[in-house]
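>>> pasted the sequence and its predicted model underneath.
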Amino acid sequence: MARARVRYVWVPVVLTAIALAAGFAWVHWTQSGPGTGLYSRLWSPEPVQGWWDPGAFYRPVQSVAGVFEASQCLQCHEAITPGIVADWRDSRHSRPTDRAPVACPECHGADHQALRLPTPEVCGGCHVKQHGELLDERRYGFPSHVLAMERAVDAKHFADKPKAEVQACVQCHSVATKCDSCHTRHRFDPAEARRPEACITCHSGPPHPDDDTYFASAHGKRYLAEGDAWDWSKPLAKGNYEVPTCAYCHMEGGRHQVAQKSLWKFGLLEVNPHTSGNRVLRERWVAVCTDCHDAAQSRTWLADLDAERKAAWRMLYGAEDLLKELRADDLLHPGTAERPPYPLDDPGGLWAKARVGYFEGQASAFYNVSAIERGYFEMWYFDNLGAYKAAAHGDAAGVQRGHAAMAAAFAEIQAEAATLRALGAAEQSKDGRRHDPGDLWLAGPYTELNRERN
């Protein structure tokens, strides 16, 4: 009897071990294709991907052979790419105070047919502190600089959308895979990285209008008027700058751990700002503000941000409830089973789900969705995040515009929901069922072209 009990105990243990081994094997298999990420077997890189993710895809030219010293590299490139050599000569790499110059072979290698483009790991060989701070962002999850490329290639739409579209995405997401997203090659001057332009190269556009909202704030207006006359060689320390820029607030003291913010994912999720952890983060943010402002005033501004978020989420939740009710009543077209699937999805299958909101909503609503869902996506991803960025950067007019746009979008969603319900009732009374669109969204020239070429 006792032996039988022992055998029964071992059965789930063995099955669990087999399941774990199978899971690890499956993940390894999915990531062993020509691409990278979870869907690496479903896409292959274009040549330009070698510049965006050099550690994975860069391939040096084979037209020049030999192992060269730095003086030989400089002699050749002064004729071929003189601007690069001039930038290097103006950099601290060419004349460090505590060691020999950091020249071409240190960063690129000496064998011309095995050259590399420097990755954060290469830079981290010398810049240990900065590289460690970048890697520390991982504990915050998405979104963060260090996980930006992973975030891109692990998304289903990355493997499914036309390559020209996703290349436009990864040139910013490459901040995770190369340092020259912020520090221009080959000068790598901290003075350049301290200016807002280093950040707004990527932090711009409808879902994250950091540029518009910062430049519309009192800080940004003064920077535009006076910033060219400031000494940008000074460290990011109290008293060195007339008003703060992106780096001053988000990278105080030059810290490369940018994810340590007041409240994490505050624009993407409804977050409780009064948890013990968030109170600690908020006090860190107040400490930054008090370099120039009174602490009580700083807390008031952050309380105003809390109020803006509460108002935004009231509207977003109202729109989400309408869409969920429509989906429950089978009034959204195309429905889950009627849409061209993402890779690995099964239309109409057990795991084919259409979701609203933060949990995959921002990905699933890019395309292959009904008009009312796209309207919600733009309300959530553009209007909502625009209002949040404006509130966070002190752009009061931007907050008003964002909330006005959200209110207008909510009104359109309400009107469209009423129309869909009326049409559904008319179909039901006439035919006793909803109209079957057949393969209207599953077939056609565009769908076939995407399926063949991506």
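That came through fine. Worth saying up front: this structure is predicted, and the values here are computed from it rather than measured. Residues are numbered from 1 along each chain as shown.
>>> can you pull out the low-pLDDT segments for the stretch 1-150 of the chain?
Scanning the stretch 1-150 of the chain for pLDDT under 70 picks out the ranges 1-8.
>>> helices of that one, residue ranges please.
2-30, 49-52, 54-57, 70-80, 82-90, 104-108, 120-124, 128-136, 148-153 (DSSP state H, counting those that start in this stretch).
>>> quick one: Ala303 from Gln297, how far?
The gap separating Ala303 from Gln297 is 11 Å, by CB to CB, to the nearest Å. To be clear about C-beta, it is placed using only N, CA and C from the backbone, and glycine gets the same treatment.
>>> enumerate every residue touching Asp189.
Listed by CB atoms under 8 Å, 6 or more residues apart in numbering, the contact partners of Asp189 are 90-92, 183.
>>> farthest pair within the residues you listed?
Asp90 and His183 (13.2 Å; CB to CB).
>>> for the biggest helix by length in the chain, what does the pLDDT average out to?
Using DSSP state H to define each element, the chain has its longest helix at helix 396-431. Mean pLDDT, helix 396-431: 95.
>>> give the other helices and strands that that helix contacts.
helix 210-216, helix 295-328, helix 371-378, helix 385-393 (3 or more CB pairs under 8 Å, 6 or more residues apart in numbering; DSSP states H and E).
>>> check which residues of it are buried.
Neighbour-count burial for helix 396-431 flags 398-399, 401-403, 405-406, 409-410, 412-413, 416-417, 420, 424 (criterion: 16 or more other CB atoms under 10 Å).
>>> and for stretch 128-147?
Judged by neighbour count using 16+ other CB under 10 Å, the buried positions of stretch 128-147 are 130-131, 133-134, 136-137, 140, 144-147.
>>> cool, and stretch 97-111?
Of all the residues in stretch 97-111, those buried under the rule 16+ other CB under 10 Å are 102-110.
>>> His219: what's it in contact with?
243-245, 393-394.
>>> I meant to write Val48 there.
Gln167.
>>> what about it, distance to Ser144?
In terms of CB to CB, Val48 sits 24 Å off from Ser144.
>>> repeat for His157
Going from His157 to Ser144 by CB to CB gives 20 Å.
>>> equivalent analysis for Val369, please.
28 Å.
>>> cool, and Pro12?
Pro12 is 37 Å from Ser144, by CB to CB.
>>> and Tyr381, helix, strand or coil?
helix (DSSP: H, G, I helix; E, B strand; the rest coil).
>>> surely it and Pro207 touch.
Yes - if you go by CB atoms under 8 Å, Tyr381 and Pro207 touch, sitting 5.2 Å apart.
>>> higher neighbour count, the two?
Tyr381 (19 against 15; other CB atoms under 10 Å).
>>> and the gap between the more buried one and Arg151?
For Tyr381 relative to Arg151 (CB to CB), the value is 15 Å.
>>> Gly386 too?
21 Å.
>>> and the two? Which one has more around it.
Using other CB under 10 Å as the criterion, Gly386 and Arg151 rank with Gly386 on top: 25 against 17.
>>> check contacts around the closest residue to that one other than its chain neighbours.
Excluding its sequence neighbours, the residue lying closest to Gly386 (CB to CB, 6 or more residues apart in numbering) is Gly402, at 4.4 Å. By CB under 8 Å, 6+ apart, Gly402 lies in contact with 312, 383-384, 386-388, 390.
>>> top of those residues by neighbour count?
In terms of neighbour count, Ala387 stands highest of those at 28 neighbours, by other CB under 10 Å.
>>> I'd say that one and Glu308 touch.
Yes - judged on CB under 8 Å, Ala387 makes contact with Glu308 at a distance of 6.6 Å.
>>> which residues are common contacts for the two?
Here Ala387 and Glu308 share the contacting residues 399, 403, scored by CB under 8 Å, 6+ apart.
>>> quick revisit: can you select the buried ones from the contacts of Asp189 in PyMOL?
Here is the PyMOL command that selects only those of the contacts of Asp189 that count as buried (16+ other CB under 10 Å):
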select buried, resi 91+183
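>>> need the contacts of Gly402 in CSV with distance to Pro82 and pLDDT, can you?
Putting those into CSV (distance: CB to CB, whole Å; pLDDT from 0 to 100) gives the following:
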residue, distance to Pro82, pLDDT
Ala312, 52, 95
Asp383, 47, 95
Asn384, 48, 94
Gly386, 43, 95
Ala387, 47, 96
Tyr388, 45, 94
Ala390, 44, 96
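>>> Gly125: which of the residues you listed is nearest?
So of the contacts of Gly402, ranked by how close each gets to Gly125 (CB to CB), first place is Tyr388, at 38.0 Å.
>>> chain neighbours aside, what residue packs nearest to the closest one?
Per CB to CB, 6+ apart, closest to Tyr388 is Gly267, 3.7 Å.
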